[in-house]
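> For reference, the sequence and a predicted model appear below.
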Amino acid sequence: SAGSMRAAYDDDGMRWWQPLSDAAVVVLAGSATIGVWLGSSPWLLVVVGVLGAVISSGALASVGARADVAVVAAALAVVGSVASARAWDEAQPDRLGPYVGWVTVATDPRWVLGAVSVVLEVEGERFDAFVYGPPGRRLSMRRAGERVEVVATRVDLRPQTERRARSRHVVGRLQVERVGAAAAGSPLATGINRLRERLTMAAERSMDPDDAALFTGLVIGDDTRQDPDTLSTFRSAGLSHLTAVSGQNVALVVASAGLVLRRLPAWWRLGATWALIAWFVLLTRAEPSIVRAGVMAGCSAASFTFGRERTPVRMLGLAVLVLVLVDPLLVWSVGFWLSVTATLGVTVAAPWIASRLAGPTWFVGSLSVTLGAQVGVMVPSWLVFGRLPTLGVPANLLAVPAAGAVMSMGVPVALVASVLPARVAGIVMAPAAFATHWVATVAALAAALEPRGAAIVAAWAAQGAVIAVSAIARTRRR
(Lines give C-alpha, C1' and ligand atoms only; values in the text may rest on other atoms or scores of the structure.)
Protein backbone atom coordinates (compact mmCIF):
# COMPACT_ATOMS: atom_id res chain seq x y z
CA SER A 1 0.00 0.00 0.00
CA ALA A 2 1.02 3.62 -0.32
CA GLY A 3 1.28 3.89 3.49
CA SER A 4 3.67 0.97 3.82
CA MET A 5 5.73 2.34 0.90
CA ARG A 6 6.08 5.70 2.63
CA ALA A 7 7.11 3.99 5.88
CA ALA A 8 9.72 1.92 4.08
CA TYR A 9 10.96 5.03 2.34
CA ASP A 10 11.39 6.85 5.66
CA ASP A 11 13.23 3.85 7.11
CA ASP A 12 15.83 4.18 4.36
CA GLY A 13 17.27 7.25 6.06
CA MET A 14 15.63 9.84 3.80
CA ARG A 15 13.74 11.69 6.55
CA TRP A 16 15.86 14.80 6.01
CA TRP A 17 14.38 15.40 2.55
CA GLN A 18 10.81 16.18 3.60
CA PRO A 19 11.62 19.35 5.60
CA LEU A 20 13.29 20.98 2.60
CA SER A 21 11.29 23.98 1.45
CA ASP A 22 10.73 24.84 -2.18
CA ALA A 23 13.23 27.69 -1.80
CA ALA A 24 15.85 25.28 -0.41
CA VAL A 25 15.44 22.96 -3.39
CA VAL A 26 15.80 25.93 -5.76
CA VAL A 27 18.98 27.01 -3.95
CA LEU A 28 20.44 23.50 -4.31
CA ALA A 29 19.65 23.48 -8.03
CA GLY A 30 21.05 26.99 -8.42
CA SER A 31 24.28 26.05 -6.63
CA ALA A 32 24.86 23.07 -8.93
CA THR A 33 24.05 25.20 -11.99
CA ILE A 34 26.48 27.95 -10.98
CA GLY A 35 29.21 25.36 -10.46
CA VAL A 36 28.55 23.91 -13.90
CA TRP A 37 28.54 27.37 -15.48
CA LEU A 38 31.85 28.44 -13.97
CA GLY A 39 33.71 25.28 -14.89
CA SER A 40 36.65 23.78 -13.05
CA SER A 41 40.08 24.91 -11.90
CA PRO A 42 41.88 24.43 -8.55
CA TRP A 43 41.38 27.98 -7.26
CA LEU A 44 37.91 28.30 -8.72
CA LEU A 45 36.71 25.19 -6.88
CA VAL A 46 37.63 26.85 -3.57
CA VAL A 47 35.93 30.12 -4.55
CA VAL A 48 32.80 28.31 -5.72
CA GLY A 49 32.65 26.27 -2.54
CA VAL A 50 33.08 29.24 -0.20
CA LEU A 51 30.70 31.51 -2.11
CA GLY A 52 28.19 28.69 -2.42
CA ALA A 53 28.25 28.12 1.32
CA VAL A 54 27.91 31.82 2.17
CA ILE A 55 25.20 32.65 -0.38
CA SER A 56 23.18 29.50 0.19
CA SER A 57 23.46 29.90 3.99
CA GLY A 58 21.88 33.34 3.77
CA ALA A 59 19.20 32.22 1.32
CA LEU A 60 18.35 29.11 3.29
CA ALA A 61 18.35 30.94 6.62
CA SER A 62 15.81 33.39 5.20
CA VAL A 63 13.37 30.54 4.60
CA GLY A 64 14.08 28.75 7.86
CA ALA A 65 15.90 25.79 6.37
CA ARG A 66 18.50 23.74 8.26
CA ALA A 67 22.05 25.04 8.11
CA ASP A 68 23.53 21.72 6.97
CA VAL A 69 21.76 22.11 3.65
CA ALA A 70 24.14 25.00 2.93
CA VAL A 71 27.01 22.52 3.10
CA VAL A 72 25.20 20.32 0.56
CA ALA A 73 24.67 23.36 -1.69
CA ALA A 74 28.39 24.19 -1.60
CA ALA A 75 29.27 20.57 -2.33
CA LEU A 76 26.87 20.52 -5.27
CA ALA A 77 28.56 23.63 -6.67
CA VAL A 78 31.92 21.86 -6.57
CA VAL A 79 30.49 18.66 -8.03
CA GLY A 80 28.85 20.66 -10.82
CA SER A 81 32.14 22.42 -11.56
CA VAL A 82 34.03 19.12 -11.86
CA ALA A 83 31.24 17.56 -13.97
CA SER A 84 31.31 20.55 -16.31
CA ALA A 85 35.06 20.29 -16.87
CA ARG A 86 34.76 16.56 -17.53
CA ALA A 87 31.90 17.08 -20.01
CA TRP A 88 33.92 19.63 -22.02
CA ASP A 89 36.94 17.31 -22.02
CA GLU A 90 34.82 14.46 -23.36
CA ALA A 91 33.46 16.69 -26.16
CA GLN A 92 36.71 16.18 -28.08
CA PRO A 93 37.23 13.73 -30.95
CA ASP A 94 39.24 10.61 -30.19
CA ARG A 95 40.27 10.23 -33.81
CA LEU A 96 40.17 12.25 -37.02
CA GLY A 97 40.87 11.33 -40.63
CA PRO A 98 39.37 8.96 -43.22
CA TYR A 99 36.54 6.64 -42.21
CA VAL A 100 34.82 3.85 -44.13
CA GLY A 101 32.02 1.94 -42.43
CA TRP A 102 28.64 2.17 -40.77
CA VAL A 103 27.36 5.23 -38.95
CA THR A 104 24.17 5.90 -37.02
CA VAL A 105 21.87 8.77 -37.97
CA ALA A 106 21.57 10.74 -34.72
CA THR A 107 19.12 13.44 -35.88
CA ASP A 108 16.46 13.64 -38.55
CA PRO A 109 18.04 15.07 -41.74
CA ARG A 110 16.84 18.45 -42.96
CA TRP A 111 17.50 20.50 -46.08
CA VAL A 112 19.46 23.71 -45.45
CA LEU A 113 20.54 25.91 -48.38
CA GLY A 114 20.68 23.04 -50.83
CA ALA A 115 22.46 20.63 -48.49
CA VAL A 116 21.26 17.99 -46.06
CA SER A 117 22.16 18.86 -42.49
CA VAL A 118 22.39 15.89 -40.14
CA VAL A 119 24.31 14.65 -37.12
CA LEU A 120 25.97 11.26 -37.64
CA GLU A 121 27.38 9.05 -34.90
CA VAL A 122 30.72 7.44 -35.72
CA GLU A 123 32.11 4.91 -33.25
CA GLY A 124 30.15 6.51 -30.42
CA GLU A 125 31.02 10.12 -31.33
CA ARG A 126 28.73 12.69 -32.92
CA PHE A 127 29.74 14.64 -36.04
CA ASP A 128 27.95 17.42 -37.92
CA ALA A 129 27.55 16.72 -41.64
CA PHE A 130 26.38 18.97 -44.50
CA VAL A 131 26.00 16.76 -47.52
CA TYR A 132 25.34 17.91 -51.09
CA GLY A 133 24.35 16.09 -54.28
CA PRO A 134 23.36 12.41 -54.56
CA PRO A 135 24.83 11.48 -51.13
CA GLY A 136 22.71 14.21 -49.57
CA ARG A 137 19.56 12.97 -51.29
CA ARG A 138 20.23 9.45 -50.05
CA LEU A 139 20.73 10.69 -46.51
CA SER A 140 17.56 12.80 -46.66
CA MET A 141 15.50 9.59 -46.84
CA ARG A 142 16.88 8.28 -43.56
CA ARG A 143 15.53 8.86 -40.05
CA ALA A 144 17.14 9.14 -36.63
CA GLY A 145 18.20 5.77 -35.30
CA GLU A 146 18.82 4.17 -38.71
CA ARG A 147 22.28 3.13 -39.92
CA VAL A 148 24.02 3.90 -43.21
CA GLU A 149 27.31 2.93 -44.80
CA VAL A 150 29.54 5.88 -45.71
CA VAL A 151 32.90 6.84 -47.10
CA ALA A 152 33.89 10.03 -45.28
CA THR A 153 36.57 12.05 -43.53
CA ARG A 154 36.43 13.25 -39.92
CA VAL A 155 37.74 16.81 -39.47
CA ASP A 156 37.85 19.41 -36.71
CA LEU A 157 35.05 21.86 -36.06
CA ARG A 158 35.30 25.39 -37.40
CA PRO A 159 36.48 27.84 -34.68
CA GLN A 160 33.41 30.08 -35.06
CA THR A 161 30.99 27.21 -34.39
CA GLU A 162 33.11 25.01 -32.14
CA ARG A 163 31.72 25.92 -28.73
CA ARG A 164 28.08 25.74 -29.77
CA ALA A 165 28.64 22.40 -31.49
CA ARG A 166 30.44 20.89 -28.50
CA SER A 167 27.59 22.02 -26.22
CA ARG A 168 25.44 19.65 -28.33
CA HIS A 169 27.95 16.82 -27.79
CA VAL A 170 29.19 17.20 -31.38
CA VAL A 171 32.96 16.67 -31.55
CA GLY A 172 33.73 17.36 -35.20
CA ARG A 173 32.57 17.52 -38.83
CA LEU A 174 32.10 14.60 -41.18
CA GLN A 175 32.81 15.25 -44.86
CA VAL A 176 30.70 12.58 -46.56
CA GLU A 177 31.85 11.50 -50.01
CA ARG A 178 29.59 8.53 -50.61
CA VAL A 179 26.50 6.97 -49.00
CA GLY A 180 25.94 3.27 -49.48
CA ALA A 181 23.59 0.70 -47.99
CA ALA A 182 21.13 1.48 -45.23
CA ALA A 183 19.82 -0.63 -42.35
CA ALA A 184 17.07 -0.27 -39.79
CA GLY A 185 17.93 0.80 -36.27
CA SER A 186 16.88 -0.81 -33.01
CA PRO A 187 13.31 -2.11 -32.63
CA LEU A 188 12.50 0.91 -30.45
CA ALA A 189 13.87 3.38 -32.99
CA THR A 190 12.06 1.59 -35.81
CA GLY A 191 8.75 1.66 -33.95
CA ILE A 192 9.11 5.36 -33.13
CA ASN A 193 9.96 6.22 -36.75
CA ARG A 194 6.94 4.30 -38.04
CA LEU A 195 4.67 6.14 -35.62
CA ARG A 196 6.11 9.51 -36.64
CA GLU A 197 5.65 8.59 -40.31
CA ARG A 198 1.98 7.75 -39.72
CA LEU A 199 1.38 11.06 -37.96
CA THR A 200 3.14 12.93 -40.76
CA MET A 201 1.18 11.07 -43.44
CA ALA A 202 -2.15 11.85 -41.78
CA ALA A 203 -1.27 15.54 -41.58
CA GLU A 204 -0.03 15.80 -45.17
CA ARG A 205 -3.20 14.15 -46.53
CA SER A 206 -5.43 16.66 -44.71
CA MET A 207 -3.53 19.96 -44.67
CA ASP A 208 -1.40 22.14 -46.88
CA PRO A 209 2.37 21.60 -46.48
CA ASP A 210 2.96 24.52 -44.11
CA ASP A 211 0.10 23.56 -41.79
CA ALA A 212 1.11 19.90 -41.89
CA ALA A 213 4.65 20.83 -40.87
CA LEU A 214 3.28 22.99 -38.03
CA PHE A 215 0.98 20.16 -36.91
CA THR A 216 3.84 17.69 -36.50
CA GLY A 217 5.82 20.39 -34.73
CA LEU A 218 2.99 20.91 -32.24
CA VAL A 219 2.41 17.24 -31.44
CA ILE A 220 5.85 15.59 -31.72
CA GLY A 221 8.31 18.44 -32.12
CA ASP A 222 9.18 17.57 -35.74
CA ASP A 223 10.37 20.86 -37.23
CA THR A 224 12.52 19.37 -40.00
CA ARG A 225 9.98 20.36 -42.66
CA GLN A 226 9.15 23.80 -41.30
CA ASP A 227 10.15 26.65 -43.56
CA PRO A 228 12.75 29.06 -42.09
CA ASP A 229 10.37 31.94 -42.83
CA THR A 230 7.69 30.23 -40.75
CA LEU A 231 10.07 29.82 -37.83
CA SER A 232 11.01 33.50 -38.13
CA THR A 233 7.33 34.48 -38.18
CA PHE A 234 6.59 32.54 -35.00
CA ARG A 235 9.65 34.03 -33.31
CA SER A 236 8.56 37.56 -34.26
CA ALA A 237 5.09 36.88 -32.89
CA GLY A 238 6.41 35.50 -29.59
CA LEU A 239 5.05 32.04 -30.42
CA SER A 240 8.28 30.17 -31.13
CA HIS A 241 7.62 27.94 -28.10
CA LEU A 242 4.73 26.38 -30.03
CA THR A 243 6.97 25.06 -32.81
CA ALA A 244 8.54 22.56 -30.41
CA VAL A 245 7.04 20.23 -27.82
CA SER A 246 7.00 21.34 -24.20
CA GLY A 247 5.78 20.44 -20.74
CA GLN A 248 2.19 20.83 -21.86
CA ASN A 249 2.63 17.89 -24.24
CA VAL A 250 4.05 15.70 -21.47
CA ALA A 251 1.31 16.72 -19.04
CA LEU A 252 -1.40 15.86 -21.57
CA VAL A 253 0.13 12.45 -22.32
CA VAL A 254 0.50 11.56 -18.63
CA ALA A 255 -2.98 12.86 -17.77
CA SER A 256 -4.57 10.87 -20.59
CA ALA A 257 -2.79 7.68 -19.59
CA GLY A 258 -3.58 8.30 -15.92
CA LEU A 259 -7.17 7.17 -16.45
CA VAL A 260 -5.81 3.67 -17.06
CA LEU A 261 -2.64 3.71 -14.97
CA ARG A 262 -4.41 4.69 -11.76
CA ARG A 263 -5.92 1.21 -11.60
CA LEU A 264 -2.45 -0.31 -11.19
CA PRO A 265 -0.69 -0.89 -7.84
CA ALA A 266 1.49 2.04 -6.74
CA TRP A 267 4.88 0.62 -7.79
CA TRP A 268 3.56 -0.65 -11.13
CA ARG A 269 1.90 2.70 -11.76
CA LEU A 270 5.16 4.55 -11.11
CA GLY A 271 7.12 2.24 -13.41
CA ALA A 272 4.51 2.47 -16.16
CA THR A 273 4.42 6.28 -15.84
CA TRP A 274 8.21 6.52 -16.12
CA ALA A 275 8.19 4.19 -19.12
CA LEU A 276 5.47 6.27 -20.81
CA ILE A 277 7.38 9.51 -20.18
CA ALA A 278 10.62 7.99 -21.52
CA TRP A 279 8.81 6.74 -24.62
CA PHE A 280 7.32 10.17 -25.32
CA VAL A 281 10.68 11.89 -24.80
CA LEU A 282 12.22 9.53 -27.38
CA LEU A 283 9.26 10.02 -29.72
CA THR A 284 9.90 13.77 -29.67
CA ARG A 285 13.67 13.29 -30.24
CA ALA A 286 14.71 14.25 -26.69
CA GLU A 287 15.03 17.98 -27.26
CA PRO A 288 16.22 19.92 -24.16
CA SER A 289 12.76 21.37 -23.46
CA ILE A 290 11.05 17.98 -23.53
CA VAL A 291 13.81 16.36 -21.48
CA ARG A 292 13.28 19.03 -18.81
CA ALA A 293 9.54 18.42 -18.90
CA GLY A 294 10.00 14.64 -18.81
CA VAL A 295 12.33 14.66 -15.81
CA MET A 296 10.04 17.10 -14.02
CA ALA A 297 7.04 14.83 -14.66
CA GLY A 298 9.05 11.80 -13.51
CA CYS A 299 9.99 13.56 -10.26
CA SER A 300 6.35 14.48 -9.73
CA ALA A 301 5.23 10.87 -10.25
CA ALA A 302 7.84 9.62 -7.77
CA SER A 303 6.88 12.27 -5.20
CA PHE A 304 3.22 11.29 -5.51
CA THR A 305 4.03 7.61 -5.00
CA PHE A 306 6.18 8.30 -1.94
CA GLY A 307 3.69 10.76 -0.51
CA ARG A 308 6.06 13.74 -0.72
CA GLU A 309 5.32 17.36 -1.53
CA ARG A 310 5.23 17.99 -5.26
CA THR A 311 4.71 21.68 -5.86
CA PRO A 312 5.68 22.82 -9.37
CA VAL A 313 8.62 24.91 -8.10
CA ARG A 314 10.02 21.96 -6.14
CA MET A 315 9.69 19.62 -9.11
CA LEU A 316 11.33 22.16 -11.42
CA GLY A 317 14.22 22.58 -8.99
CA LEU A 318 14.72 18.82 -8.75
CA ALA A 319 14.59 18.45 -12.54
CA VAL A 320 17.21 21.17 -13.06
CA LEU A 321 19.43 19.71 -10.33
CA VAL A 322 19.34 16.24 -11.87
CA LEU A 323 19.82 17.40 -15.45
CA VAL A 324 22.73 19.82 -14.95
CA LEU A 325 24.67 17.13 -13.08
CA VAL A 326 23.85 14.32 -15.53
CA ASP A 327 24.39 16.47 -18.64
CA PRO A 328 26.26 19.68 -17.68
CA LEU A 329 26.32 20.89 -21.29
CA LEU A 330 22.58 21.60 -21.04
CA VAL A 331 23.53 24.78 -19.20
CA TRP A 332 24.58 26.19 -22.59
CA SER A 333 21.34 25.22 -24.34
CA VAL A 334 19.05 28.14 -25.18
CA GLY A 335 16.08 25.80 -25.50
CA PHE A 336 16.71 24.41 -22.03
CA TRP A 337 16.79 27.83 -20.40
CA LEU A 338 13.75 29.12 -22.27
CA SER A 339 11.90 26.02 -21.05
CA VAL A 340 13.09 26.43 -17.46
CA THR A 341 12.42 30.17 -17.21
CA ALA A 342 9.01 29.88 -18.88
CA THR A 343 8.03 27.16 -16.42
CA LEU A 344 9.33 29.25 -13.52
CA GLY A 345 7.29 32.21 -14.75
CA VAL A 346 4.13 30.11 -15.06
CA THR A 347 4.53 28.50 -11.63
CA VAL A 348 5.72 31.54 -9.64
CA ALA A 349 4.78 34.77 -11.43
CA ALA A 350 1.42 33.65 -12.86
CA PRO A 351 -0.32 32.94 -9.49
CA TRP A 352 0.96 36.26 -8.13
CA ILE A 353 -0.35 38.10 -11.18
CA ALA A 354 -3.70 36.28 -11.10
CA SER A 355 -4.27 37.32 -7.48
CA ARG A 356 -4.01 40.97 -8.52
CA LEU A 357 -6.21 41.06 -11.61
CA ALA A 358 -9.96 41.42 -11.94
CA GLY A 359 -12.18 39.90 -14.58
CA PRO A 360 -13.75 36.59 -15.60
CA THR A 361 -11.91 33.58 -14.20
CA TRP A 362 -11.11 32.16 -17.65
CA PHE A 363 -9.65 35.48 -18.81
CA VAL A 364 -7.62 36.17 -15.67
CA GLY A 365 -6.27 32.61 -15.72
CA SER A 366 -5.18 32.78 -19.36
CA LEU A 367 -3.76 36.29 -19.05
CA SER A 368 -1.77 35.54 -15.89
CA VAL A 369 -0.24 32.37 -17.35
CA THR A 370 0.69 34.21 -20.55
CA LEU A 371 2.19 37.14 -18.65
CA GLY A 372 4.04 34.79 -16.32
CA ALA A 373 5.60 32.89 -19.22
CA GLN A 374 6.54 36.14 -20.98
CA VAL A 375 8.17 37.48 -17.83
CA GLY A 376 10.05 34.22 -17.43
CA VAL A 377 11.56 34.20 -20.92
CA MET A 378 12.17 37.94 -21.08
CA VAL A 379 15.84 37.88 -20.10
CA PRO A 380 17.01 34.88 -22.20
CA SER A 381 14.96 36.09 -25.17
CA TRP A 382 16.54 39.52 -25.02
CA LEU A 383 20.07 38.19 -24.55
CA VAL A 384 19.83 35.59 -27.34
CA PHE A 385 17.47 37.09 -29.91
CA GLY A 386 17.92 40.77 -29.06
CA ARG A 387 14.22 41.55 -29.00
CA LEU A 388 10.97 41.18 -27.10
CA PRO A 389 7.88 40.63 -29.29
CA THR A 390 5.54 43.52 -28.59
CA LEU A 391 2.39 41.56 -29.43
CA GLY A 392 3.49 38.36 -27.72
CA VAL A 393 0.83 38.56 -25.00
CA PRO A 394 -2.26 38.96 -27.24
CA ALA A 395 -0.81 36.49 -29.75
CA ASN A 396 -0.39 33.86 -27.03
CA LEU A 397 -3.88 34.51 -25.67
CA LEU A 398 -5.32 33.81 -29.12
CA ALA A 399 -3.03 30.97 -30.21
CA VAL A 400 -2.26 28.89 -27.11
CA PRO A 401 -5.80 27.51 -26.54
CA ALA A 402 -5.95 26.27 -30.14
CA ALA A 403 -2.41 24.89 -29.92
CA GLY A 404 -3.35 23.08 -26.71
CA ALA A 405 -6.30 21.47 -28.46
CA VAL A 406 -4.00 20.24 -31.24
CA MET A 407 -1.51 18.86 -28.70
CA SER A 408 -4.20 16.98 -26.79
CA MET A 409 -6.01 15.41 -29.74
CA GLY A 410 -3.26 15.38 -32.34
CA VAL A 411 -1.65 11.97 -31.77
CA PRO A 412 -4.79 9.84 -31.33
CA VAL A 413 -6.73 11.61 -34.10
CA ALA A 414 -3.84 11.39 -36.59
CA LEU A 415 -3.27 7.71 -35.80
CA VAL A 416 -6.92 6.94 -36.51
CA ALA A 417 -6.88 9.06 -39.68
CA SER A 418 -3.75 7.29 -40.95
CA VAL A 419 -5.65 4.02 -41.41
CA LEU A 420 -8.80 5.53 -42.95
CA PRO A 421 -9.56 6.41 -46.59
CA ALA A 422 -8.44 9.89 -47.58
CA ARG A 423 -11.91 11.47 -47.59
CA VAL A 424 -12.86 10.06 -44.21
CA ALA A 425 -9.44 10.93 -42.82
CA GLY A 426 -9.96 14.53 -43.88
CA ILE A 427 -13.18 14.70 -41.86
CA VAL A 428 -11.54 13.15 -38.80
CA MET A 429 -8.61 15.55 -39.04
CA ALA A 430 -10.79 18.63 -39.71
CA PRO A 431 -10.83 19.98 -36.11
CA ALA A 432 -7.07 19.57 -35.78
CA ALA A 433 -6.54 21.12 -39.21
CA PHE A 434 -8.71 24.13 -38.32
CA ALA A 435 -6.93 24.66 -34.98
CA THR A 436 -3.51 24.34 -36.61
CA HIS A 437 -4.41 26.87 -39.30
CA TRP A 438 -5.75 29.20 -36.63
CA VAL A 439 -2.39 29.13 -34.83
CA ALA A 440 -0.55 29.82 -38.09
CA THR A 441 -2.90 32.70 -38.91
CA VAL A 442 -2.46 34.32 -35.49
CA ALA A 443 1.33 34.07 -35.84
CA ALA A 444 1.27 35.62 -39.31
CA LEU A 445 -0.99 38.50 -38.22
CA ALA A 446 1.03 39.21 -35.07
CA ALA A 447 4.28 39.24 -37.04
CA ALA A 448 2.78 41.49 -39.74
CA LEU A 449 1.33 43.92 -37.17
CA GLU A 450 4.48 44.05 -35.03
CA PRO A 451 5.02 47.79 -34.49
CA ARG A 452 8.21 49.64 -35.34
CA GLY A 453 9.94 52.65 -33.84
CA ALA A 454 7.87 54.83 -31.52
CA ALA A 455 4.83 52.60 -32.06
CA ILE A 456 6.54 49.97 -29.91
CA VAL A 457 6.31 52.23 -26.86
CA ALA A 458 2.64 52.96 -27.59
CA ALA A 459 1.85 49.24 -27.93
CA TRP A 460 3.53 48.36 -24.64
CA ALA A 461 1.81 51.31 -22.95
CA ALA A 462 -1.60 50.17 -24.20
CA GLN A 463 -1.08 46.64 -22.89
CA GLY A 464 0.24 47.99 -19.59
CA ALA A 465 -2.84 50.20 -19.27
CA VAL A 466 -5.18 47.23 -19.68
CA ILE A 467 -3.34 45.31 -16.98
CA ALA A 468 -3.27 48.34 -14.69
CA VAL A 469 -7.02 48.90 -15.04
CA SER A 470 -7.67 45.26 -14.19
CA ALA A 471 -5.40 45.47 -11.15
CA ILE A 472 -7.07 48.68 -9.93
CA ALA A 473 -10.51 47.11 -10.34
CA ARG A 474 -9.38 44.16 -8.22
CA THR A 475 -8.07 46.52 -5.51
CA ARG A 476 -11.33 48.48 -5.37
CA ARG A 477 -13.35 45.28 -5.01
CA ARG A 478 -11.36 44.46 -1.90
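Done, it's in. Residues are numbered from 1 along each chain as shown.
> Which neighbouring elements make contact with the helix ranked longest in the chain?
Determined from DSSP state H, the single longest helix within the chain is helix 422-449. Under the contact definition 3 or more Cβ pairs under 8 Å, 6 or more residues apart in numbering; DSSP states H and E, helix 422-449 sits against helix 187-206, helix 209-220, helix 228-236, helix 392-417. The way it works is simple: take the backbone N, C-alpha and C, and place the C-beta from them, glycine included.
> out of those helices, deepest packed?
Ranked by mean neighbour count, these are led by helix 209-220 with a mean of 23 (mean count of other Cβ atoms under 10 Å).
> what helices or strands is that helix leaning on?
Short answer (3+ Cβ pairs under 8 Å, 6+ apart): helix 209-220 packs on helix 187-206, helix 228-236, helix 392-417, helix 422-449.
> out of the ones you listed, nearest to Arg314?
Among those, the nearest to Arg314 by Cβ to Cβ is helix 392-417 (24.5 Å).
> Check the offset of the closest one from the chain's centre.
17 Å (Cα atoms, centre = their mean, to the nearest Å).
> With stretch 146-154 instead?
29 Å.
> mind listing what's buried in it?
Burial within stretch 146-154, assessed by neighbour count using 16 or more other Cβ atoms under 10 Å, is assigned to 146-148, 150, 152, 154.
> Now do the strands in the chain.
97-105, 110-112, 115-122, 125-131, 147-155, 170-183 (DSSP state E).
> Using JSON lines, lay out the ones you listed together with mean pLDDT and distance to Val406.
Putting the strands of the chain into JSON lines (pLDDT from 0 to 100; distance: least, Cβ to Cβ, whole Å) gives the following:
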{"stretch": "strand 97-105", "mean pLDDT": "95", "distance to Val406": "28"}
{"stretch": "strand 110-112", "mean pLDDT": "88", "distance to Val406": "22"}
{"stretch": "strand 115-122", "mean pLDDT": "94", "distance to Val406": "27"}
{"stretch": "strand 125-131", "mean pLDDT": "95", "distance to Val406": "32"}
{"stretch": "strand 147-155", "mean pLDDT": "95", "distance to Val406": "33"}
{"stretch": "strand 170-183", "mean pLDDT": "94", "distance to Val406": "32"}
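> Any figure for the gap between Tyr130 and Asp229?
Heads up, residue 130 is Phe, not Tyr. 21 Å (Cβ to Cβ, to the nearest Å).
> whoops, I mixed them up, Val122
33 Å.
> Then Arg173?
Note on Arg173: its distance to Asp229, by Cβ to Cβ, is 27 Å.
> burial measure for Thr361, as a count.
8 (other Cβ atoms under 10 Å).
> low pLDDT regions in the chain?
Along the chain, segments meeting pLDDT under 70 span 1-19, 40-68, 244, 246, 385-387, 474-478.
> re the thing from before, distance to Ala399 added to the strands of the chain, as a markdown table?
Putting the strands of the chain into a markdown table (distance: least, Cβ to Cβ, whole Å) gives the following:
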| stretch | distance to Ala399 |
| --- | --- |
| strand 97-105 | 33 |
| strand 110-112 | 24 |
| strand 115-122 | 28 |
| strand 125-131 | 33 |
| strand 147-155 | 39 |
| strand 170-183 | 33 |
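> How about the one residue sitting closest to the centre of the chain, nearest residue that isn't a chain neighbour?
With distances taken as Cα atoms, centre = their mean, Ser289 lies nearest the centre of the chain, 0.8 Å away. Distances taken as Cβ to Cβ, 6 or more residues apart in numbering put Ser339 closest to Ser289, at 3.8 Å, once the chain neighbours are dropped.
> ok, that neighbour touching Gly247?
Yes - contact criterion Cβ atoms under 8 Å: Ser339 and Gly247 qualify, at 7.3 Å.
> For those two, list the residues in contact with both.
289, 292-293 (Cβ atoms under 8 Å, 6 or more residues apart in numbering).
> Distance to Asp94 for those residues - can I get that in TSV?
Output for the shared contacts of Ser339 and Gly247, formatted as TSV (distance: Cβ to Cβ, whole Å):
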residue	distance to Asp94
Ser289	30
Arg292	30
Ala293	33
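> and of those, the nearest to Thr436?
For these, the nearest to Thr436 is Ser289 (19.8 Å; Cβ to Cβ).
> my guess is the closest one meets Phe336, correct?
Yes - counting by Cβ under 8 Å, Ser289 touches Phe336, with 6.9 Å between them.
> Mutual contacts of the two, please.
The contact lists of Ser289 and Phe336 share no entry, where a contact means Cβ under 8 Å, 6+ apart.
> quick one on the thing from earlier: so which of the strands of the chain comes closest to Trp460?
With Cβ to Cβ, the closest approach to Trp460 among the strands of the chain belongs to strand 110-112: 35.2 Å.
> re the thing from before, residues of the longest helix of the chain that come out buried?
425-426, 428-429, 432-433, 435-440, 442-443, 445-447.
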